[in-house]
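K.L.:
next come a sequence and a model predicted from it.
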Amino acid sequence: MTSQVKSAAARRPLYGEGMEIQEPSRVGPLLREWRRRRKLSQLELALRADSSTRHLSCVETGRARPSRELLLRLAEHLDIPLRDRNGLLLAAGYAPAYRESPLDSEPMAMVRSAIGAMLAGHEPYPAAAIDRAWNIVDRNDAMSLLMGTVPPRLAESGGNVMRLILHPEGLARSASTSRRSARTPSAGCGTRPTPPATTTSARCTRRCPPIRSRRASTPTPARWTRPASSSRCASARPSATWRSSARSPPSGRLPT
């Protein structure tokens, strides 16, 4: 009997043999990361998405698989971009819900027209439309003239705004050169040289002390100071001279 049990146990496959091991779901860590970015607790997010805290915790730890509708509700309350919402759906094993089209495609013709009108409205100031990686996808004529001042290798494939601004040979160098040229007067621009100081002005400068020293040495007149015994209410009353000089309207007539 014992030998038969041992032989049956030996023929039985071990745990995991011949079974397909599923990979842990990736949607849970993604949801947890977005929830922490929005600084929400599991209770707050569960109340907003009309779910339970226990179910949300199981989804984040991978013990439960969320439905497609729950993922879309959670993404809506977490304010996740549409591209990242597609990533959440793909991580959970669902098809993307939002279509992504390049800007130069035919369905985006009206969008390109609207962007071009906005950029043209900024002229004569430079303006550009960028994507999520700061790459310039469209620009107006003023921006094209501004990019002509940088080396051609910085403007390859339309250029990148961060590279154009932060590169030592980018727009910062052009702006500093323009400021230096604006501060330096050129010949024939109508500027007058500063006349040299004459003997009279030099003598006056030696005789007259600085204004600050004159203020410190000159005492304050007594009529400019308020007596210590006078109160604010007494100083605010009109004087007798003013009351006597004020004309009152005749009796029986109202002032117009």
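P.N.:
Looks like it came in fine.
K.L.:
mind checking which helix or strand Met110 is in?
P.N.:
helix 109-121 (DSSP states H and E).
K.L.:
whoops, I mixed them up, Val137
P.N.:
strand 136-139.
K.L.:
that strand pairs with which strands?
P.N.:
Strand pairing for strand 136-139, determined by DSSP bridges: strand 128-130 (antiparallel).
K.L.:
pull out the buried residues from the partner strand.
P.N.:
Using 16 or more other CB atoms under 10 Å as the test for burial, strand 128-130 gives 128-130. All C-beta spots, glycine's among them, are computed from the backbone N, C-alpha and C.
K.L.:
and for stretch 81-95?
P.N.:
85-89, 91-92, 94.
K.L.:
name the residues that touch whichever helix or strand comes after the strand holding Val137?
P.N.:
Moving toward the C-terminus from strand 136-139, the next helix or strand (DSSP H and E) is helix 141-147. Helix 141-147 is contacted by residues 119, 122-128, 136, 139, 155, 159, 164, 171, 174 when judged by CB atoms under 8 Å, 6 or more residues apart in numbering.
K.L.:
make it 10 Å
P.N.:
Contact with helix 141-147 is made by 119-120, 122-129, 136, 139-140, 154-155, 158-159, 164, 170-171, 174-175, as judged by CB atoms under 10 Å, 6 or more residues apart in numbering.
K.L.:
next SSE after it?
P.N.:
According to DSSP H and E, the helix or strand after helix 141-147 is helix 161-166.
K.L.:
in terms of secondary structure, what does that next one contact?
P.N.:
strand 128-130, helix 171-183 (3 or more CB pairs under 10 Å, 6 or more residues apart in numbering; DSSP states H and E).
K.L.:
nearest to Ser41, of the buried residues of strand 128-130?
P.N.:
Ile130 (34.7 Å; CB to CB).
K.L.:
show me the contacts for the closest one.
P.N.:
136-139, 158-162.
K.L.:
would you check that Pro126 makes contact with Ala120?
P.N.:
No. Between Pro126 and Ala120 there is no contact under CB atoms under 10 Å: 12.0 Å.
K.L.:
low-confidence ranges in the protein?
P.N.:
1-25, 174-256 (pLDDT under 70).
K.L.:
shared neighbours of Pro126 and Ala120, which are they?
P.N.:
Joint contacts of Pro126 and Ala120 (CB under 10 Å, 6+ apart) are 140-142.
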